[in-house]
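Asker: here you go, sequence then predicted model.
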Amino acid sequence: MARPLKIERTGDLVRAEHLQQAYGDTLALRDASCIVQPGDRTALLGTSGSGKSTLLHLLGGLNAPSGGQISWPALGEVSQLRPGKVSFVFQAQSLLAPLTALENVALPLLLLNVPADVAQERAGLLLEQLGLNAVIQQLPEELSGGQAQRVAVARALVTRPQLVLADEPTGQLDSVNAQHLMDVLLGACDASGAALIVATHDPQIARRLTQVWRMANGVLAPAEVAA
Ligand SMILES: Nc1ncnc2c1ncn2[C@@H]1O[C@H](COP(=O)(O)OP(=O)(O)OP(=O)(O)O)[C@@H](O)[C@H]1O
């Protein structure tokens, strides 16, 4: 529980109370309460299978919880969250196979009716920032795992979202590229005032964030200040 839940704040990006998520007989999330505010920098830690991805998916409105309450006071209804206000960097490969790296990154802007030339320019700039100039015309199958992960980060940032939910975004990167990716993620979120939540197993990544949420067996512990 990041902050007391009793106080209503219209500026809260997410308010979640006692969330539960069942997948058939598996109760993946047993009890998670948290508030996300603009500018938050949160590391979500926990062993494999503890429920981190499940929580991120609920916070971004991808799934409805089986129990508990969730709302997005500053963002609106769940149908208004994506694309645009909330972005995901998924753990699994999520780029669209028939589209080039550039087209994958520009797509969320096209869905928001941004003109194609503006969308391509913004997508190209982000890909350049992530060191991907050489591969912008390549298809996902022609990218390395680490390149694909960085393209997915560019796609998440291109709409200048207010909340970025990143599920092990550095899992396929060496430590230099992982730190560079965090530089870009943090720089983009600092520039826009967005909140960033990163599920990670990497202590070096967690150290770049200011608070820690720990998940154990589907239960989210109160937030701690990062060491
Ligand atoms: N779609 C699904 N159907 C059935 N069970 C699922 C599904 N997604 C997750 N689970 C189960 O829910 C539990 C929590 O999974 P989750 O992916 O949230 O964990 P995690 O902490 O993100 O793990 P990791 O660090 O390995 O990514 C696990 O027991 C997992 O097997």
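Answerer: Done, it's in.
Asker: which residues touch the residue nearest to Phe90 when sequence neighbours are not counted?
Answerer: Nearest residue to Phe90, sequence neighbours excluded (C-beta to C-beta, 6 or more residues apart in numbering): Asp167, at 5.8 Å. Quick note: C-beta positions are derived from backbone N, CA and C, even for glycine. By C-beta atoms under 8 Å, 6 or more residues apart in numbering, Asp167 lies in contact with Lys52, Ser53, Leu56, Phe88, Val89, Phe90, Gln91, Ala199.
Asker: so among those residues, where is pLDDT lowest?
Answerer: Here the lowest pLDDT out of the contacts of Asp167 sits on Gln91, with 79.
Asker: how would you label His180: helix, strand or coil?
Answerer: helix (DSSP: H, G, I helix; E, B strand; the rest coil).
Asker: and the spatially most central residue of the chain, how far from Ala195?
Answerer: Nearest to the geometric centre of the chain sits Leu165, at 1.5 Å (C-alpha atoms, centre = their mean). For Leu165, the distance to Ala195 equals 9 Å [C-beta to C-beta, to the nearest Å].
Asker: from Ala195, how far off is the residue nearest to Phe90?
Answerer: Taking C-beta to C-beta, one finds Asp167 at 15 Å from Ala195.
Asker: which of the contacts of Asp167 come close to the ligand?
Answerer: Residues of the contacts of Asp167 in contact with the ligand (C-beta under 6 Å from any ligand atom): Lys52, Ser53, Gln91.
Asker: of all those, which comes closest to Gln137?
Answerer: Gln137 has its nearest neighbour among these in Gln91, at 25.9 Å by C-beta to C-beta.
Asker: pretty sure Pro161 sits against Leu81.
Answerer: No - when contacts are counted by C-beta atoms under 8 Å, Pro161 is not listed as touching Leu81 (9.1 Å).
Asker: those two: who's more crowded?
Answerer: Each of Pro161 and Leu81 has its neighbours counted (other C-beta atoms under 10 Å); Pro161 has more, 26 against 22.
Asker: in three-state terms, label the residue lying closest to the more buried one once chain neighbours are set aside for me.
Answerer: Spatial nearest neighbour of Pro161, chain neighbours left out: Ser87 (4.1 Å); criterion: C-beta to C-beta, 6+ apart. Following three-state DSSP, Ser87 is assigned to strand.
Asker: what residues are bridge-paired with Ser87?
Answerer: Going by DSSP bridges, Ser87 is paired in beta bridges with Val164.
Asker: pLDDT at it, what is it?
Answerer: Taking Ser87 on its own, its pLDDT is 94.
Asker: so what's it up against?
Answerer: Ser87 makes contact with Pro108, Arg155, Ala156, Leu157, Thr159, Pro161, Leu163, Val164, Leu165 under the criterion C-beta under 8 Å, 6+ apart.
Asker: I appreciate the help and will end here.
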